[in-house]
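*Asks:* predicted structure and sequence below. I'll ask about it afterward.
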Amino acid sequence: MKDKSNHLNEDEILFSLVEEPDLPEEIKSHLLACLVCQEKKKALMTELERLGKMARDFTPLPQQKPALPFRESRHFIFNRSVLAAGFSVVVIIACLWSLRSFTGSSKHITPGLSPEMEVDLYLMDDILGESALPEYYLDIAAPTYSYFDEEFLDFVVPLGEESNSV
Amino acid sequence: MADSDYKVTELVEKAKAGNRASLGQLVEHFHKDIFRMVYYRTNSQMDAEDLTQEIFMQMSKSLPSLRDTRRIRPWLFRIALNRVRDFHRKKRILSFFSTQPELDASAQALTDNHNNPLDNMIQKEFQLLFRQFTDRLSGREREVFMLRFVDQLGIREIAEALRNSESTVKTHLYRALKKFRRHPELRSLLTGSLS
């Protein structure tokens, strides 16, 4: 333990400035009792405070006050993000809906569809079906061989052969 | 908590909630401190003005992300330190590509603030010696010393602003103080001006 005659050295004085509240008990108790060391510490602290004060005093004053940007309130930002999220959800639902109505068969008609749309869908079924014409028209209509296209006929009966045979 | 600290915390809470008047008051409260802090790190009033503006813009943008409103001071100093660092980085890159010699920043830094010739003389003497002293310090030592004695931040606040541990801050401060003690010219100016 340091007695009064054995004063703190310069490093310990500095240490006491840096570690103010967490000083070792030995240095703390010596500082409390020794006026010489207290004076040394106080003198150094005064110099440092003076340095800080001079540095602050010799700083020029700022010429202009900082301009603040327009800051949107959090409430507005929140609303905007909610709107964006809502819009995205609506777009996704619309996409899914349209995909479903394109890929879905007319057999699975949604009850919510309008009657005109229902009629259109049945009509499309009829047109795409094997016999689009009513039964009584089939007697007078020539059979359609839609699977015999021009290319196929040319292959079976080439144009050259046809002319030779005539 | 001191009254002023309580008031600042209250202002931060209001500014976070979008109160523009409170934000303005906060800027008013910290303006001089931040300007001075930047000024001593750029040595140019013009650059300090521009950077201070940017720092407060950043503050107003990032304020909602500040969790502990009581820590506004170290938080703001951290923004300022980052801005100053960016400024020096850009300056270094520009000077690397520049063909013209850079203007000595210290030339524009030493501005006369006083009409009294004696005060002007002391000011110039102080700034010269202070610069000599800070040039002897390492980057970390200088930063810690300036934050502690010029900007008047506590050890914990410095640790928060620099994102270091308190023991690291104390170590750098101790080394800086040792170098301060070995600068008799600056010390005699300080003691002489005391009498």
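*Replies:* That came in fine, so what should we check first? It should be emphasised that the depicted structure is a prediction, and the values quoted were computed from it without experimental measurement. Numbering: from 1, shown residues only, chains lettered A, B, ... in the order given.
*Asks:* for the lengthiest helix in chain A, list every residue counted as buried.
*Replies:* Longest among the helix segments of chain A by residue count, using DSSP state H, is helix A:74-103. By 16 or more other CB atoms under 10 Å in any protein chain shown, helix A:74-103 has no buried positions at all. Where you see a C-beta, it was placed from the backbone N, CA and C, and this is true even at glycine.
*Asks:* and chain A, which residues reach chain B?
*Replies:* A:10-11, A:14-15, A:17-19, A:44, A:46-52, A:54-69, A:71, A:73-75 (CB under 8 Å from any CB of the partner chain).
*Asks:* now do the residue in chain B that chain A sits nearest to against B:Pro64, distance only.
*Replies:* Chain B approaches chain A most closely through B:Gly18 (3.7 Å), counting by CB to the nearest CB. B:Gly18 sits 9 Å away from B:Pro64, going by CB to CB, to the nearest Å.
*Asks:* what pLDDT does the spatially most central residue of chain B get?
*Replies:* Within chain B, the residue whose C-alpha comes closest to the C-alpha centroid is B:Met37; the distance, by CA atoms, centre = their mean, is 2.0 Å. In the prediction, the pLDDT value recorded for B:Met37 is 95.
*Asks:* ok, it - contacts?
*Replies:* For B:Met37, the set of contacting residues under the criterion of CB atoms under 8 Å, 6 or more residues apart in numbering or on different chains consists of B:Phe77, B:Ala80, B:Met146, B:Val150, B:Asp151.
*Asks:* contacts with chain A among these, please.
*Replies:* When the contacts of B:Met37 are filtered against chain A using CB under 8 Å from any CB, the residues retained are B:Val150.
*Asks:* next SSE after the longest helix of chain A?
*Replies:* Under the assignment DSSP states H and E, the closest C-terminal helix or strand after helix A:74-103 is helix A:115-128.
*Asks:* tell me where the chain is predicted with low confidence.
*Replies:* By default, I'm working from chain A. Low-confidence segments of chain A, defined by pLDDT under 70, are located at A:1-5, A:70-79, A:102-113, A:126-136, A:138-148, A:160-166.
*Asks:* wait, chain B was what I had in mind.
*Replies:* Looking along chain B with the criterion set at pLDDT under 70, you get B:1-3, B:98-115, B:193-195.
*Asks:* now do 50
*Replies:* Flagging of chain B using pLDDT under 50 yields the residue ranges B:103-110, B:194-195.
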